[in-house]
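Enquirer: sequence and computational prediction follow.
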Amino acid sequence: MPIWQVGGLQRVVDSVTVFARESPLVAALVVVGLLVFLVGVRLAIDRLRRSPAERFQRLLASTDEVAVLMHPNPDPDAMSSALAVDRLATQAGSSPTMYYPGQIRHQENRAFQTVLDLDFDRIEEAGELRENDVVLVDHNEARGFPGAESIDPIAVIDHHPGGGEGSELSDVRTGYGACATIFAEYFETLDWELADDDATATGDDQIDQAVATGLLYGIQSDTKQLTKGCSSAEFAAAEYLYDGIDEDLLDRIANPQVDAEVLDVKARAITDRQIENAFAISDVGAVSNVDAIPQAADELLRLEGVTAVVVMGRKEDTLHLSGRSRDDRVHMGNVLQTVVDDIPMGSAGGHARMGGGQLSIDHMNGIGPGSGVAMTDFKGHLFDAMAGDI
């Protein structure tokens with residue numbers, strides 16, 4: 001080292017020594033502050049190095065009780081994700097409760113809950129959540145019930161686009177086909193073992209067959225049996241879970257009895273369809289089971305030559321929309337949002353391949369700030385939006 005550098009270093013040491021002798025208290029405070037800073041940096045680095053699974057496990061362990069909130073009218077992906085959080089929280093020493101607003105109506109969803117004997121609490125407003133700490137699964141912003149906007153979740157785990165975040169953890173993977181895939185990865189990252197046979201795992205770090213079966217079906221359900229909207233992560237998760245599933249449970253969930261109204265609504269959607277180019281729109285009229293509408297949209301999309309569809313039906317004072325697309329030119333979520341934006345009290349959105357929406361029939365008829373829109377014109381706007389003209 002050059003002499004001038006050695007001399008400069010010595011002068012710094014001498015200056016620090018003099019300062020410490022003249023102001024020992026201040027010097028001590030500086031040293032303590034430096035140590036605190038270094039410890040904070042080390043903790044931040046350690047936290048960044050932890051996987052989302054490890055961070056989520058630590059977060060659950062820091063809670064005494066936690067609310068696991070699904071989106072309105074939860075599907076198998078949401079329910080299996082909630083079940084995974086329930087298992088992780090219990091192992092971490094927290095007391096979880098699984099909640100949902102809305103209803104569980106679709107026969108597939110009812111079968112999922114019944115076959116796996118899941119204990120969910122239905123809420124109508126945010127005040128019914130008994131816990132302060134809330135985890136959102138399969139959606140990133142609480143919605144669909146009074147007070148939803150007041151919920152500040154500690155964690156958000158989801159695969160849908162959106163701006164919602166958790167105050168402590170946000171793991172939103174929009175490239176994934178299912179939220180259940182994320183939880184399968186969590187279990188694998190944490191080295192949890194799959195239970196060999198009994199329906200209930202006995203070990204602290206074991207995935208029982210109900211959880212494994214639920215997660216696998218959640219993945220299958222949201223990706224149409226690994227054929228639509230999935231990534232390589234779904235195949236890896238399915239492979240990981242497969243040895244731990246109960247095939248009988250899986251079969252009972254996948255093949256429930258079908259409600260007669262669902263079949264009737266599907267028939268009306270096909271019979272009363274209007275087609276322009278490769279796009280179809282069908283108004284199925286009044287329904288008592290709104291879950292029949294998206295099922296009818298799935299069926300209508302199966303018609304040869306049809307690449308995008310919208311099915312609509314009325315329940316009480318609300319018009320429900322469900323859209324499906326297998327046409328790369330038609331982003332169904334954007335289509336529905338575009339035609340609904342100008343109608344008061346209307347909401348719509350979704351993914352490229354599927355979307356949904358709700359409209360107040362009174363506001364469509366002109367009650368409120370808008371002038372209203374005739375059903376014929378509304379269908380025309382839908383066709384134009386699918387064609388890219390608006």
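Expert: Sure thing, it's come through.

Enquirer: for the helix or strand harbouring residue 282, what is the average pLDDT?
Expert: Assigned by DSSP states H and E, residue 282 belongs to strand 279-286. For strand 279-286, mean pLDDT rounds to 97.

Enquirer: and the helix or strand hosting residue 184, C-alpha only, in PDB?
Expert: Assigned by DSSP H and E, residue 184 falls within helix 179-189. Presented in PDB, the C-alpha positions along helix 179-189 are these (Å, rounded to 0.1, in the frame of the first residue of the first chain):
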ATOM      1  CA  CYS A 179     -53.700 -20.600  -7.900                       C
ATOM      2  CA  ALA A 180     -53.600 -24.200  -6.600                       C
ATOM      3  CA  THR A 181     -50.300 -24.500  -8.600                       C
ATOM      4  CA  ILE A 182     -48.700 -21.900  -6.400                       C
ATOM      5  CA  PHE A 183     -49.600 -23.800  -3.200                       C
ATOM      6  CA  ALA A 184     -48.400 -27.100  -4.600                       C
ATOM      7  CA  GLU A 185     -45.100 -25.400  -5.200                       C
ATOM      8  CA  TYR A 186     -45.200 -24.100  -1.600                       C
ATOM      9  CA  PHE A 187     -45.600 -27.600  -0.200                       C
ATOM     10  CA  GLU A 188     -42.800 -28.900  -2.400                       C
ATOM     11  CA  THR A 189     -40.400 -26.100  -1.500                       C
END
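
Enquirer: helix, strand, or coil at the closest residue to residue 261 other than its chain neighbours?
Expert: Excluding the flanking residues, the one nearest residue 261 by C-beta to C-beta, 6 or more residues apart in numbering is residue 289, at 5.2 Å. Any C-beta I mention is one placed from the backbone N, CA and C, and that applies to glycine too. With DSSP: H, G, I helix; E, B strand; the rest coil as the basis, residue 289 sits in coil.

Enquirer: go on, the one 4 residues further on?
Expert: The three-state assignment at residue 293 reads helix, by three-state DSSP.

Enquirer: for residue 170, same thing?
Expert: Strictly by three-state DSSP, residue 170 counts as strand.

Enquirer: measure it to residue 56 for me?
Expert: Per C-beta to C-beta, to the nearest Å, residue 170 is found 11 Å from residue 56.

Enquirer: for the strand holding residue 282, enumerate the helices and strands it packs against.
Expert: helix 260-271, strand 274-276, helix 292-300, strand 308-315, helix 375-386 (3 or more C-beta pairs under 8 Å, 6 or more residues apart in numbering; DSSP states H and E).
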